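Q: Take a look and give me a structure for this.
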Amino acid sequence: MNSRPYVGRSMRLVAAALLVTGVVNTIVYAVMIARGYQLAPGHPEAFRDLQRAMTWADGYMTIAVLAGGTGLWLGRWWGRLLGVVGAAALFYMGILDVAFLAQHGMYAHFDHVVLIMIVVDAWALGVGAWIVFTLMETSTERQRSS
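A: Now for the predicted structure:
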């Protein structure tokens, strides 16, 4: 049995999405930390607390998506595993963000930060789910052909 997954176009696309997610998340958090987790006017103090708390979870997700993307790009067996782990963490964090924003009424006070969060959460939920299902589908297809 070949321990390397097929590195076709769909795997390269998944790998690229994982790598882009990891790099962009690293940049965003570096800027946020450097600026001291500034709050936009009208945002609840709890939003700063969320961002501080999520730094560790985002760090975990970032390591997983970067490792998974690298592994998939190189065709390593562990790329699929870490890709699913990272994408599942990405999806879960999108759910947490949406729940937090809704609970604190932040969608009602639409501003540039909320717009950015909507884009980020759409990426987290959409791309995260797409990656998990793509990796599951290709894994299932591979098992059937073995």
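
Q: use CA for all of it now, contacts and neighbours both
A: OK.

Q: Can you give me the distance of residue 136 to residue 64?
A: 17 Å (C-alpha to C-alpha, to the nearest Å).

Q: Sorry, slip of the keys, the one I care about is residue 44.
A: Distance, residue 44 to residue 64, by C-alpha to C-alpha: 30 Å.

Q: Neighbour count for those two, which is higher?
A: In terms of neighbours (other C-alpha atoms under 10 Å), residue 64 is the more surrounded of residue 44 and residue 64; the figures are 26 against 13.

Q: which stretches of the protein form helices?
A: Using DSSP state H, the helices of the chain run over 9-34, 45-74, 77-103, 112-145.

Q: buried ones in the first one?
A: The neighbour-count criterion (16 or more other C-alpha atoms under 10 Å) identifies 11-19, 21-22, 25-26, 29 as the buried residues of helix 9-34.

Q: and if you look at stretch 49-62?
A: Applying 16+ other C-alpha under 10 Å to stretch 49-62 flags 51-52, 54, 58, 61-62 as buried.

Q: And stretch 81-97, by the same measure?
A: For stretch 81-97, burial by neighbour count (16+ other C-alpha under 10 Å) applies to 81-91, 93-94, 97.

Q: can you tell me which residues contact residue 87?
A: 18, 61, 65, 127-129, 131-132 (C-alpha atoms under 8 Å, 6 or more residues apart in numbering).

Q: go again using 6 Å as the cut-off
A: residue 128 (C-alpha atoms under 6 Å, 6 or more residues apart in numbering).

Q: One more: the one 10 residues further on?
A: Contact partners of residue 97, counting by C-alpha under 6 Å, 6+ apart, are absent.

Q: Give me the nearest residue to residue 15, chain neighbours excluded.
A: Nearest non-adjacent residue to residue 15, counting by C-alpha to C-alpha, 6 or more residues apart in numbering: residue 69, 4.1 Å away.

Q: where does residue 123 land on pLDDT?
A: Looking at residue 123, its pLDDT is 97.

Q: ok, now the one 4 residues further on?
A: We note a pLDDT of 97 for residue 127 in this prediction.

Q: same check, this time on residue 2
A: pLDDT, residue 2: 50.

Q: What of the one 3 residues further on?
A: The predicted local confidence for residue 5 comes out at a pLDDT of 47.
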